[in-house]
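return a 3D structure for these sequence lines:
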Amino acid sequence: MNNVSVERRVSFRSVGLPAEHGSWSLVSEPILLGLLAAPSWAGAALAAGAFALFLLNRPFKIYWNDRRRGRAYERTAVARRAVLIYGLIAAGALALALALGGLRPFAPLGLALPLLAVFVAYDQRPGRYWQAELAAPVAFAAVVAAIVLAGGWAWPSALALWGFMAARAAPAVLFIRARLRLDKGKAVAPGDSIPTALAAHVLALGAVAALVWPGWLPWTALLAAGLLLARAAWGLSPWRWRSSVKALGVLETVFGVLAVALVALGYWLE
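Residues are numbered from 1 along each chain as shown. Now for the predicted structure:
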C-alpha cells in the first residue's frame, strides 16, 4: 500500500518538465534570437512546435523505458499523458508553420538530424555523456535558422545565426562542466578541463569573427562572443565568484540572454 500511495503522488511537473535547468536556457536562446531578428507568424509557429518537441523528450524517455522493461507505474501514465499533450501541440504548430511558410524553413532542421541522432544514441544510456550534452544544443540551435528563413531571410545569414548559436552553446556546455568539477574539487575528465573550455571559447570568437567579416552577422556578435569568453576566463580563474549550482545556472542564463540581445540589437541598428 505504501508503494501505491507514493506512486500516486507523482506530479505532472516531475515527469513532464526537463530536470536540467541549463537546457531551458540553451533551448530558449535560439528561439528568442530568431523571433527578435525576424518575427513572423510562421516563425512563431515553428518556435512553438520546436519547444513542444523539447518538452516531449523527458516524458517520452520515461514512458519508453518503463514500457520496454514491461513495467507500468503511475509515472508511466503521467508520462504517456505528457507525450500526447506535447505531441499534439508540436504536430499542430509545425503543421501551421508548414502552411504559412512552406518547406523551406524546415531544411535546417533536416540538416540537424545527424546531431540529433548522436544525442538520442547517448541519451538512452544511463549516466551523462558530453557527446549528448554537446550534440543536443547545437542541433536545437538550427531552430534559429528555421525561424529567420520563415521570416524571409537569405540562407547565408540564416546559417550564420545557427553558427553563432552553436558557438554560444558548445563552449557553454564545456564551461559549465569544467566549472562544476572545479567547484567540487573533482579530478579533471577528458573534455572537462579548463584549457579545453577556454580554447573552445577562443575558437568560438574566431568563428564568429569569420561570420561577421562578410556581413553575415552584425558586429555586435563579436561583442557577444567576447563577453562569453571573458565570462569563461573569470569563471574558471582563482578569482571566480563563489556560487551554488542554481545561482551558476541563473548567471549563465543572464549571460546567454545578454549575448542574444547584443546580436539582435546589431540587426536593429542596421
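
what about the stretch 151-270 of the chain, any weak spots by pLDDT?
Scanning the stretch 151-270 of the chain for pLDDT under 70 picks out 186-192.

all the helices of it, residue numbers only.
155-184, 194-212, 220-235, 245-269 (DSSP state H, counting those that start in this stretch).

among the ones you listed, which is nearest residue 10?
helix 245-269 (23.3 Å; CB to CB). No exception for glycine: its C-beta is placed from N, CA and C like everyone else's.

enumerate every residue touching residue 151.
34, 37, 38, 39, 40, 42, 43 (CB atoms under 8 Å, 6 or more residues apart in numbering).

quick one: it and residue 116, what's the gap?
23 Å (CB to CB, to the nearest Å).

write a ChimeraX command that selects only the buried members of the contacts of residue 151.
Here is the ChimeraX command that selects the buried residues among these (16 or more other CB atoms under 10 Å):
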select :34,37,38,40,42,43
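
which of the contacts of residue 151 sit farthest apart?
Every pair of the contacts of residue 151 checked by CB to CB; the farthest is 37 and 42, at 14.0 Å.

how many neighbours does residue 241 have?
9 (other CB atoms under 10 Å).

is it true that it touches residue 231?
No - the pair residue 241 and residue 231 fails to qualify as a contact (CB atoms under 8 Å) at a distance of 10.5 Å.

for the stretch 1-150 of the chain, which spans come out with low pLDDT?
1-8, 20-22, 126-127.

rerun that using 80 as the cut-off
Of all residues in the stretch 1-150 of the chain, those with pLDDT under 80 make up the ranges 1-10, 12-16, 18-23, 68, 70, 72, 123-131.

and the helices in it, which stretches?
Under DSSP H, counting those that start in this stretch, the stretch 1-150 of the chain gives helices at 2-7, 12-16, 21-37, 41-68, 74-101, 107-111, 113-123, 130-140, 142-150.

mind checking which of those is nearest residue 207?
Of the helices of the stretch 1-150 of the chain, nearest to residue 207 by CB to CB is helix 130-140, at 12.4 Å.

show me the contact partners of the closest one.
23, 26-27, 30, 50, 54, 112-113, 115-116, 118-119, 122-123, 166, 169-170, 172-174, 177, 191-192.

kindly export it (C-alpha atoms) in PDB.
Presented in PDB, the C-alpha positions along helix 130-140 are these (Å, rounded to 0.1, in the frame of the first residue of the first chain):
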ATOM      1  CA  TRP A 130      29.500  15.000 -23.100                       C
ATOM      2  CA  GLN A 131      28.600  13.800 -26.600                       C
ATOM      3  CA  ALA A 132      24.900  14.200 -25.800                       C
ATOM      4  CA  GLU A 133      25.300  17.400 -23.900                       C
ATOM      5  CA  LEU A 134      27.100  19.000 -26.900                       C
ATOM      6  CA  ALA A 135      25.100  17.500 -29.700                       C
ATOM      7  CA  ALA A 136      21.600  18.500 -28.300                       C
ATOM      8  CA  PRO A 137      22.100  22.300 -28.100                       C
ATOM      9  CA  VAL A 138      24.000  22.500 -31.300                       C
ATOM     10  CA  ALA A 139      21.200  20.600 -33.100                       C
ATOM     11  CA  PHE A 140      18.500  22.600 -31.500                       C
END
